[in-house]
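Undergrad: Sequence and computational prediction follow.
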Amino acid sequence: MAEKHLKRSGMDYWDNLDVQIHKNWEVFKKCPDSPKRLWLFTTHSEKPYWDVEFRDDDGLVFGNEGSGAPDWLHHEIGDDFRITIPHGNKSLRSLNLATAAGIATFEALRQIRA
């Protein structure tokens, strides 16, 4: 979190965030304040994100921009909680990670705060 470009990209927001870094996935899941439901955004789903009713205690999960989420994570989260961001251009493999995270976050916030 101390990387110069990362810090600069969020410089106006760091004071308002509660950033928690976990040693690994297992530690994250055991954390008492971890999300109740996890939604995996992936190209390996037909269910669009706008068909989901997000809740305040949900978490949004994204894979690596180059290779996506690992198979074990797809299996653990399960089909019912894998969703996609349709983008209409079938020649594109997927959206970049920053764009996908922004779209997903703002839709979840829109629903929760509506």
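TA: Done, it's in.
Undergrad: Chain neighbours aside, what residue packs nearest to Ser34?
TA: Distances taken as C-beta to C-beta, 6 or more residues apart in numbering put Phe28 closest to Ser34, at 5.9 Å, once the chain neighbours are dropped. Where C-beta positions appear, they are placed from N, C-alpha and C, glycine not excepted.
Undergrad: Verify the contact between that neighbour and His22 for me.
TA: Yes: in this structure, Phe28 is within contact of His22 by C-beta atoms under 8 Å, at 4.0 Å.
Undergrad: Have a look at the two and say which one is more surrounded.
TA: Legend: neighbour count by other C-beta atoms under 10 Å for Phe28 and His22, higher for Phe28 (15 against 12).
Undergrad: Remind me which helix or strand the more buried one belongs to.
TA: Secondary-structure assignment from DSSP states H and E places Phe28 in helix 25-30.
Undergrad: any idea which helix or strand comes after that helix?
TA: strand 37-41.
Undergrad: taking the mean pLDDT, what do you get for the helix or strand that comes right after that next one?
TA: Following strand 37-41 in sequence order, the next helix or strand is strand 58-62 (DSSP H and E). Taken as a whole, strand 58-62 carries a mean pLDDT of 96.
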